[in-house]
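*Asks:* Can you look at this prediction? I've put the sequence above it.
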Protein chains: 2
Amino acid sequence: MSVESARARTLSHVDPAEVPLQAALDALADPVRRSILRDLAVHDDWTRACGTFDLPVKKATASHHFAVLRAAGLIEQRDEGARRLNRLRREEFTNAFPGLLAATIDRAD
Amino acid sequence: MSVESARARTLSHVDPAEVPLQAALDALADPVRRSILRDLAVHDDWTRACGTFDLPVKKATASHHFAVLRAAGLIEQRDEGARRLNRLRREEFTNAFPGLLAATIDRAD
DNA sequence: CATGGTGTTCGATCCCTGTCGTACAGTTGT
DNA sequence: ACAACTGTACGACAGGGATCGAACACCATG
């Protein structure tokens, strides 16, 4: 088709400043999601596709977690071919919730 | 009885440093509990008994929330007569989880 | 002692969410 | 065209936690 593929090429990304504190805390209160965030915090680039994380859940569940993180303004996602790449929105999220992300991921569980 | 009353006069208080991050986040991820913490953050004393908080839940539920906050190392409780007084463990908790408490209560929901 | 006030404990209920299997869509490569 | 790979969508399920009523324990005060 001429216009756009059926798959959303530009995913909806909220402004972290618009995210309710409740949603932010809910997103951070899951160990699988914190694991994802810690992995993303290592390098500030677009090198990590969803499938490259070693998670203790099946892919359907992992997909759900990525969606929650995106809705909470914690990650940004971009499609590149068949893969969906991820980036930690450290700056934006920290502006909206100073200290929260650092306090959560700069620590073992 | 000679030794102690049946009611626990000295309540069990954990060291915040021993609290798992998961428990801390779970405790903070509830709006009723955050409301309690914000109220306690106003004055650093023992002026607030459990019943003096204006909460949208019944007392059985409120009692449960206070227990969760105590188990997470967020508050300290002391019995004074028929009442149970509360204090925010700001310093101790912040030492264990730098920035987490501030990021959570220094903000409207 | 009797009454009222404060707070906990115990079941029971309800709802939310994390989990998974399956099916599907889109991409890549043969 | 076909197969393999990546990720999402949907329905179903189970576990946990928030909520409540009722009963109980403790304290204070008449």
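*Replies:* All right, it came through fine.
*Asks:* Near DNA strand C, which residues of chain A are found?
*Replies:* A:5-7, A:26, A:30, A:32, A:56-61, A:64-65, A:68, A:81-82 (Cβ under 7 Å from any atom of the strand). In short, each C-beta sits where N, CA and C put it, glycine included.
*Asks:* how about the strands in chain A?
*Replies:* According to DSSP state E, chain A carries its strands in the segments A:48-49, A:75-80, A:83-88.
*Asks:* okay, those in JSON lines with mean neighbour count next?
*Replies:* Converted to JSON lines, those look like this (neighbours: other Cβ atoms under 10 Å in any protein chain shown):
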{"stretch": "strand A:48-49", "mean neighbour count": "18"}
{"stretch": "strand A:75-80", "mean neighbour count": "16"}
{"stretch": "strand A:83-88", "mean neighbour count": "18"}
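*Asks:* Apart from its neighbours in sequence, what residue is nearest the closest residue to chain B within chain A?
*Replies:* Closest residue of chain A to chain B, Cβ to the nearest Cβ: residue A:99 (3.4 Å). Leaving aside its chain neighbours, residue A:99 sits nearest to residue B:99 (3.4 Å; criterion: Cβ to Cβ, 6 or more residues apart in numbering or on different chains).
*Asks:* Equivalent analysis for residue A:32, please.
*Replies:* Nearest residue to residue A:32, sequence neighbours excluded (Cβ to Cβ, 6+ apart): residue A:65, at 5.4 Å.
*Asks:* just residue A:13 next, same as before
*Replies:* residue A:76 (5.9 Å).
*Asks:* could I get the strands of chain A as JSON lines with distance to residue B:20 and mean pLDDT?
*Replies:* Shown next, in JSON lines, are the strands of chain A (distance: least, Cβ to Cβ, whole Å; pLDDT from 0 to 100):
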{"stretch": "strand A:48-49", "distance to residue B:20": "26", "mean pLDDT": "98"}
{"stretch": "strand A:75-80", "distance to residue B:20": "24", "mean pLDDT": "98"}
{"stretch": "strand A:83-88", "distance to residue B:20": "23", "mean pLDDT": "98"}
